[in-house]
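S.K.: The sequence isn't on hand, but the structure is:
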Ligand SMILES: CC(C)(COP(=O)(O)OP(=O)(O)OC[C@H]1O[C@@H](n2cnc3c(N)ncnc32)[C@H](O)[C@@H]1OP(=O)(O)O)[C@@H](O)C(=O)NCCC(=O)NCCS
């Protein structure tokens, strides 16, 4: 893997982030959707290759009152299991705490054992289930919460 740095997501990263989304999800965020996220109070952090600025891992978050929600987490298929999502999530959780958030929640497919292991390793706990929350394919979601 090439050298990377973790940066706050800016508009210049959004096209590359949308390409990553398209590789990872059946219903990806588009660069327009991501633009709305970063312009309207959301925040993202990304692992970016130093050589070319390509986003290889990222996480997005929205904040309301003192609670934050993780909107998405993804790592490029060629760069997985190298600690990128853990590093990006640690950064975004640190940012949430700095901003005065007291808890962070996220949804995850009940079958997504890799992501669940990632979140449990970061201190998230399963707090409930949302029946048929996902489509393509239809599946329940676990709601996971971490107190900050
Ligand atoms: C889930 C995902 C984001 C993990 O990204 P990653 O950069 O590979 O994760 P990391 O390398 O930081 O993994 C950190 C820890 O999470 C756990 N983990 C991550 N992927 C795992 C997998 N496929 N199986 C088991 N555990 C896994 C492990 O505990 C890992 O630590 P270890 O490698 O020391 O054992 C990535 O596989 C992905 O983009 N998947 C497709 C999109 C997705 O499902 N996103 C989550 C939506 S809620």
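M.R.: Noted; the coordinates are in hand. Quick caveat, the model's predicted, so the values are computed rather than measured.

S.K.: Look at residue 74 and tell me its secondary structure.
M.R.: Secondary structure, DSSP: H, G, I helix; E, B strand; the rest coil: residue 74 is strand.

S.K.: all helices of this structure, in order?
M.R.: With DSSP state H as the criterion, the chain has helices at 14-24, 31-39, 84-98, 113-121.

S.K.: Can you convert those into CSV and add a column each for mean pLDDT, distance to the ligand and mean neighbour count?
M.R.: Every residue, glycine included, has its C-beta placed from N, CA and C. As requested, the helices of the chain are exported to CSV (pLDDT from 0 to 100; distance: least, C-beta to the nearest ligand atom, whole Å; neighbours: other C-beta atoms under 10 Å):
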stretch, mean pLDDT, distance to the ligand, mean neighbour count
helix 14-24, 95, 4, 19
helix 31-39, 91, 15, 16
helix 84-98, 98, 3, 18
helix 113-121, 98, 3, 15
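
S.K.: got the contact list for residue 125?
M.R.: 144-146 (C-beta atoms under 8 Å, 6 or more residues apart in numbering).
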